[in-house]
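Engineer: Just a sequence and a predicted model for now, questions to come.
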Amino acid sequence: MELKVARIGVVGLGLIGGSFALAVRRYLPDVYIAGYDARLSEMTLAKRLGAIDELAPSVEWLAAQVDLLMLAVPVQAMRSVLAAIRSVNRPEVLISDVGSVKGVVEEAFNSVFGELPPRAVLGHPIAGSEKSGMAAARVELFQRHKVILTPIETTDLQALAVMRQLWQTLGAEVLEMSPRHHDEVLAATSHLPHLLAFSLVDTLAGKDDNKEIFRYAAGGFRDFTRIAASDPIMWRDIFLSNRDAVLKALDQYVDGLGHLRAAIAAGDARFMMGVFSRAKVAREHFSKMLEQKSYKSMNQEKRITFVAQSKGPVCGDIRVPGDKSISHRSIMLGSLAEGVTEVEGFLEGEDALATLQAFRDMGVVIEGPDRGKVTVYGVGLNGLKPPAGSLYLGNSGTSMRLLTGLLAAQAFDTELTGDASLSKRPMERVAGPLRKMGAKIETGENGRPPVRISGGQRLKGMHYDMPVASAQVKSGILLAGLYAEGETSVSEPAPTRDHSERMLRGFGYDVRVDGNRASLTGGGCLKATRIDVPSDISSAAFFLVAASITPGSDLTLRHVGINPTRTGVIDILRMMGANIELSNLREVGGEPVADIRVRYAPLKGIQIPEALVPLAIDEFPVLFIAAVCAAGETVLTGAEELRVKESDRIQVMADGLKQLGVETDVLKDGIRIQGSDLQGGRVDSHGDHRIAMAFSVAALRAKGDITILDCANVATSFPGFVELANESGFSIETLSEG
Ligand code: S3P
């Protein structure tokens, strides 16, 4: 739409009015612009700086000349300016303003015009500085800043569109909200911080030794009080104009400060850690938001592409990051324990961080992670607090399924949500059995997220015979069982990872395992402990296959978890002829650990025993690559579960392999793969971290480059994958956009 404004008048040539005039001059050079200010000095300066074409002798004169009047005067001066405009009687003139409080401007219009005229579009650019006056005006002041327009029901839509376009032309991002909402938001985010800065500086300046204080006042004081140099008149007017909303925000703040005061007086370190660490995390989130990055994760927003080339051999002595399953559980059980749990080797990947954030949101104080170290201040089984909103769990199925069980018995309601991939995954498999225990849980369409849990239910222990071999379902039910009356037991059709059972025992809870059945009795308590998270065998798997298929390779992986419910990948690779040696076997915090040496060996195709499927459930994408590099045929059956992982891993791998010249035979519950050459090509990982890493491994043997799309989620389980892989002999280039 063409901007139908040829003549603009600015009333008030201070910082904002002056910057607006300068920006109009720069970005709309054909528009005539005149300005009025009660201070002649500001007007003449504006003319001299080229911000305006003409000095207006009065507001009335301006109102008679222009199509658009921009009012940039203090809110308290608004009434007299409006009276002057009204006296000219030109209802066709578009009027807008830049006032920091909108309710009071609306009232001023009402009292002068009897209404907010349809062609009055109120607004507020969220830009400025502690400096004031035309001398401080800057042409770029609004660039990439937000401007809030506050139309009401009777606002002329065309006038609104013109103002929107005008601000966008000046480089601003335009938002809309009601005047009242605007005033509440600004009271908290702008007015309150200014009040605190004024008050702190005034309090310190009033002290006898003030010179001393200011002389030594370094970074913190400077950062916190910069805005105390702002224009006193303007701020007086703002507090006069937005009294109620400011008082509400101030009361909340004083309340919070009171609690902190009490904590300091009582030496309550834990309370302070809670406030400070929650604030730190929130501040980091805000910084990302302000940098226009995603709230939850910078990676989610970016499109990341890997370009992987054949290289090798794969050699060295490396340690892959911590185990994802154990990291999740360390936060969950640490939070529910009594006492302080220290975790080392925690996986700082997005999935485990989603769990960590969820518990912070439920009031648990958690320090870190800092190079794998996390300290969890447990709140006891009944100490979680209701979160302020829904718990966002990103890409993490484990977080959602285990939390569904754990939250089923809390006193409060919760809602669990996730990203696009998680929102497609089945949740009834855990919600269904939990309902039988008395839980009230709703899932979304087709049993998918969001999961809504109604708190305050009494759960009854029961036995559940799992139809699918799923550690997530087993764990979800056992976690609910901690709160249930009597015994809760689960039997599984095939062995699945038993980290929950082991870790519960590590926290002093009696878990009984009898054959394929695990059981516990509700009503006990968890005692804090130390957890040393071993390296994740699922992450090690990429390197086990990489070294096995690349001639000349010899790689050692340190401190890898070799829990027998996880070592299917080693068994399968050995059956295919891989050269894998385990040494330095030991037990760390209830979990077996070893160093693993893997050397190149020619592989052969096999029929994968179905019993090994749950023990290698996450490793199949990369095992398919091993199968392509093996002589003869590899057949996988009994692996229907692969279709409901972060992607349909059977189909997505088959599609990708096809792009690389490898034909496969897709079965309902598996795949047949003939050993063959790999060509270069372009594959789509569909945002599935393990598919992206599997095709990076494939490149080691491919005849051309493999371009892998949608790789940002590698950060969910394996932060630093590309760096570690390249150090060991891979060649992966990362392209990022967005
Ligand atoms: C996990 C269990 C497995 C696995 C997932 C982690 C766990 O899922 O695929 O990556 O930590 O319990 P299922 O239980 O759905 O098989």
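Structural biologist: Right, received. Where do you want to start? Residues are numbered from 1 along each chain as shown.
Engineer: So what touches stretch 358-370?
Structural biologist: The contact list for stretch 358-370 (C-beta atoms under 8 Å, 6 or more residues apart in numbering) reads 270, 273-274, 277-278, 281, 331-332, 335, 343, 346, 348, 353, 356, 374-379, 383-389, 391, 393, 399, 403. Placement of C-beta: from N, CA and C, glycine included.
Engineer: Now a PyMOL select for only the buried ones of the residues you listed.
Structural biologist: Selecting in PyMOL just the buried members of the contacts of stretch 358-370, where the criterion is 16 or more other C-beta atoms under 10 Å, is done with this command:
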select buried, resi 273+274+277+278+331+332+335+343+346+348+353+356+374+375+376+377+378+379+384+387+391+393+399+403
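Engineer: Among the contacts of stretch 358-370, name the ones in strands.
Structural biologist: Those of the contacts of stretch 358-370 mapping onto strands are Val343, Val374, Thr375, Val376, Tyr377, Leu391, per DSSP state E.
Engineer: for those, which one is nearest Ala528?
Structural biologist: The nearest member of those to Ala528, counting by C-beta to C-beta, is Val376 at 7.8 Å.
Engineer: beta partners for that closest one?
Structural biologist: Applying DSSP bridges to Val376 yields these beta-bridge partners: Thr341, Ile366.
Engineer: and Arg86, that's in a helix?
Structural biologist: Yes - counting by DSSP: H, G, I helix; E, B strand; the rest coil, one finds Arg86 located in a helix.
Engineer: Could you measure from it over to Arg435?
Structural biologist: Arg86 sits 65 Å away from Arg435, going by C-beta to C-beta, to the nearest Å.
Engineer: for Pro125, same thing?
Structural biologist: In terms of C-beta to C-beta, Pro125 sits 52 Å off from Arg435.
Engineer: out of these two, which sits in the busier spot?
Structural biologist: Counted by other C-beta atoms under 10 Å, Pro125 and Arg435 do not tie: Pro125 has more neighbours, with 21 against 15.
Engineer: any idea which helix or strand carries that one?
Structural biologist: strand 123-126 (DSSP states H and E).
Engineer: For burial, what's the neighbour tally of the closest residue to Pro57 other than its chain neighbours?
Structural biologist: The spatial neighbour of Pro57 that comes closest, neighbours along the chain excluded (C-beta to C-beta, 6 or more residues apart in numbering), is Tyr36 at 7.8 Å. Neighbours of Tyr36 under the rule other C-beta under 10 Å: 28.
Engineer: what's Tyr36 sitting at in phi/psi?
Structural biologist: In terms of degrees, to the nearest 10, the main-chain angles of Tyr36 are phi -130, psi 140.
Engineer: ranges for the strands of the stretch 451-600 of the chain?
Structural biologist: When assigned using DSSP state E, counting those that start in this stretch, the strands of the stretch 451-600 of the chain occupy the ranges 451-454, 463-465, 487-491, 512-514, 517-521, 530-532, 554-561, 579-588, 591-599.
Engineer: Show me the helices in the stretch 201-350 of the chain, by range?
Structural biologist: Shown for the stretch 201-350 of the chain, the helices assigned by DSSP state H, counting those that start in this stretch span residues 210-216, 219-225, 232-241, 243-266, 269-290, 298-301, 324-336, 350-361.
Engineer: sorry, that was for the stretch 601-738 of the chain
Structural biologist: Taking DSSP H, counting those that start in this stretch as the criterion, the stretch 601-738 of the chain carries its helices at 620-628, 649-659, 689-698, 714-717, 721-728.
Engineer: Just the CA coordinates for the strand holding Pro125, please, in PDB.
Structural biologist: The C-alpha atoms that make up strand 123-126 are tabulated as PDB, following Å, rounded to 0.1, in the frame of the first residue of the first chain:
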ATOM      1  CA  GLY A 123       1.400   4.300  19.600                       C
ATOM      2  CA  HIS A 124       4.600   3.900  21.600                       C
ATOM      3  CA  PRO A 125       8.000   3.200  20.200                       C
ATOM      4  CA  ILE A 126      10.000   1.100  22.600                       C
END
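Engineer: start at 90 instead
Structural biologist: Yep, numbering from 90; the last one is strand 212-215 now.
Engineer: Show me the shaky parts of the protein.
Structural biologist: Judged by pLDDT under 70, the chain has its weakly predicted residues at 90-92, 297-300, 304-307, 374-391, 827.
Engineer: Now for the residue of the stretch 290-439 of the chain found nearest the ligand, how many residues are close by?
Structural biologist: Checking the stretch 290-439 of the chain residue by residue against the ligand with C-beta to the nearest ligand atom singles out Ser414 as nearest, at 3.2 Å. Residue crowding around Ser414 was assessed by other C-beta under 10 Å; the count is 29.
Engineer: Check Arg547 too.
Structural biologist: In terms of burial, Arg547 registers 11 neighbours under the definition other C-beta under 10 Å.
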